[in-house]
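**Q** Just the structure for this:
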Amino acid sequence: MLLIICDVLNTFFQTFLFVWCTNNVTSNETKLSKFKFCVLMLIIFVGINIFTYSGINSSFANFAMVIFILLSIILFFRKSILDAFIGFGLSYSIIVILSYFLITFYQNVIVKLNLKITAEFQTLLFIYVPIWIVYVFVYKFRKYIFDATISLKSFKHSIIFVVLIDYALIFMDSLRIEWTTQSMDLPFKATLYFMTFLAFVFTVIYFAKINEKSKEVDMLNMALNNKIIELKKIKHDYGSEISSLYGLYQIGQTDKLGELLKGIVERYQVFVSAVDVRIQASPMIESVLNYAVAEGIDVMAFDDCDYNQPLAITNNDLLRVLTNIVKNSVDALVNTPNPNIKFSSYNIYDGIIINIINNGPEIPKEIKDKIFEPSFSTKENENGDRGYGLSIVKDMIIKCGGKVSVQSGIQRTQFRIEIPYKTS
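**A** Numbering: from 1, shown residues only. All right, here's what the predicted structure looks like:
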């Protein structure tokens, strides 16, 4: 009876910890009212007790219970799902760490001491009381705990990263139960390890994307440094030429000033301010992207494709396809601050993939389905000579048996082109 009372009381504390932590790490706009706070606590409290006393294998019951708690928190904090995962992870990590160390200490130290007190009192004294003392310390030092957690949010972690961390906690807690209380059933083990494999795959993908972004940043930094050096040279030359002009003015040779000024203006008008970063770009891709750079668009190209393998499209037609899409992207970036185009290509087993991405405005859904139609244009088309570029692209790609598609969002618009190899 004593252990049941302690367990119910501990369940209440754990329930409060889940809701309280999440509510304190989330932003003010998404904090729960007192009523919703109590409702969520009631739902989690009842759920924990149902799973605890259901008679199901403890490993599976614990796993299902944790998922239930997580989904309940997400439901109430759905306006900020990332905060829900972070709050859940914070509270659950406290519970998991306490459970593992205290139960391990109890089973490997206290039980072997053969103390002259009942097992119930030993459990109360060496498991529940230490847990409650830690909860008191968590509450006392809540400011430092929440400040540290909230500061981590400033790193703008991907939600996938946070989900993986939370799953790692769930997995470790399941193993803790396997090691300390009851063995897992085979189907549950298989499910848990399969989910772990999926988590590993997503982890690899996540860090691969981080590595790709890191390479992009390094390349941009190098390009910017080169641009700074170029600007310093221009500044030096410009200063020298101004000094020369002033010298001519002082000695009265003003008849040559106009000609010299014209030369300076013409020379510096050709300076391109756009950042241009290209890796292994073929001559054809170079010629396509030069147009964007000349228009002041920042360009980043990862041209990993091997064009020596025979494609189902001629080089001439491929050049027309890419030119039309790049020109369309340049037009879309007219009023965009810091406009940029990213080009990437790579080989697949039956052809090549080319992606052309720009950071222009989102294409409305009602327009996106029409942009490949002949004579369709978002600009004024009085002469009827606009709107054929993307239509030509689609015709050429379909003719060679490939595919072309567009995805557009608030941050970017992506044209994806699939071109097969030539069949013999």
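**Q** for the stretch 51-200 of the chain, what are the low-confidence residue spans?
**A** By pLDDT under 70, the weakly predicted segments of the stretch 51-200 of the chain are 56-58, 151-161, 164, 172, 174-200.
**Q** Buried ones in the helix or strand containing R320, by neighbour count?
**A** In the assignment (DSSP states H and E), R320 maps to helix 315-332. Buried residues in helix 315-332, defined by neighbour count with 16 or more other C-beta atoms under 10 Å: 317-318, 320-332. No exception for glycine: its C-beta is placed from N, CA and C like everyone else's.
**Q** with those residues in mind, which one is nearest to V39?
**A** Set against V39, the nearest of those by C-beta to C-beta is A332 (47.4 Å).
**Q** Test my guess that that closest one contacts E362.
**A** No - look at A332 against E362 with C-beta atoms under 8 Å: they stay out of range, at 10.1 Å.
**Q** Show me the common contact partners of those two, please.
**A** Common contacts of A332 and E362 (C-beta atoms under 8 Å, 6 or more residues apart in numbering): T413.
**Q** And for K116, the neighbour number?
**A** Here the count is done by other C-beta atoms under 10 Å, and K116 has 5 residues near it.
**Q** Could you identify the helix or strand that succeeds the helix or strand N62 falls within?
**A** Following DSSP H and E, one finds N62 within helix 58-76. The element immediately downstream of helix 58-76 (helix or strand, assigned by DSSP H and E) is helix 81-105.
**Q** Give me the distance between I117 and D350.
**A** Noted for I117: a distance of 73 Å to D350, by C-beta to C-beta, to the nearest Å.
**Q** ok, back up a step: what average pLDDT does the helix holding R320 get?
**A** For helix 315-332, mean pLDDT is 91.
**Q** For that helix, output the C-alpha coordinates as CSV.
**A** C-alpha atoms of helix 315-332 as CSV (Å, rounded to 0.1, in the frame of the first residue of the first chain):
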residue,chain,number,x,y,z
ASN,A,315,23.7,19.8,-76.1
ASN,A,316,21.9,22.5,-78.1
ASP,A,317,18.5,21.7,-76.7
LEU,A,318,19.9,21.3,-73.1
LEU,A,319,21.5,24.7,-73.4
ARG,A,320,18.2,26.2,-74.5
VAL,A,321,16.4,24.5,-71.6
LEU,A,322,18.8,25.7,-69.0
THR,A,323,19.0,29.2,-70.5
ASN,A,324,15.2,29.6,-70.4
ILE,A,325,15.0,28.5,-66.8
VAL,A,326,17.8,30.8,-65.7
LYS,A,327,16.3,33.7,-67.5
ASN,A,328,13.0,33.0,-65.9
SER,A,329,14.7,32.9,-62.5
VAL,A,330,16.5,36.2,-63.1
ASP,A,331,13.2,37.8,-64.1
ALA,A,332,11.6,36.5,-60.8
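**Q** same for it, what does it pack against?
**A** Contacts defined by 3 or more C-beta pairs under 8 Å, 6 or more residues apart in numbering; DSSP states H and E place helix 315-332 against helix 283-294, strand 340-348, strand 351-358, helix 389-399, strand 413-420.
**Q** Of all those, which one is nearest L113?
**A** strand 340-348 (63.8 Å).
**Q** Return the list of strands paired to that closest one, each annotated with direction.
**A** strand 298-303 (parallel), strand 351-358 (antiparallel) (DSSP bridges).
**Q** of all the helices and strands packed on helix 315-332, which lies closest to S72?
**A** Going by C-beta to C-beta, the one of the helices and strands packed on helix 315-332 nearest S72 is strand 413-420, 36.5 Å.
**Q** got the buried residues for stretch 389-405?
**A** By neighbour count on 16+ other C-beta under 10 Å, the buried set for stretch 389-405 is 389-394, 396-397, 400, 402, 404.
**Q** actually stretch 37-49, not the one I wrote
**A** By neighbour count on 16+ other C-beta under 10 Å, the buried set for stretch 37-49 is 37, 40-41, 43-45, 47-49.
**Q** Select, from these, the two members most distant in space.
**A** In those, the most distant members under the criterion C-beta to C-beta are F37 and N49, with 19.0 Å between them.
**Q** model confidence over stretch 345-355, on average?
**A** Mean predicted lDDT for stretch 345-355 stands at 84.
**Q** Show the end-to-end separation of that stretch, please.
**A** With C-alpha to C-alpha, to the nearest Å as the measure, stretch 345-355 spans 6 Å from end to end.
**Q** got a list of contacts for that stretch?
**A** With C-beta under 8 Å, 6+ apart as the criterion, stretch 345-355 contacts 285, 302-307, 309, 311-312, 322, 342-344, 402, 414-421.
**Q** Go through it and flag the buried ones.
**A** Going by neighbour count (16+ other C-beta under 10 Å), the buried part of stretch 345-355 is 345, 351-354.
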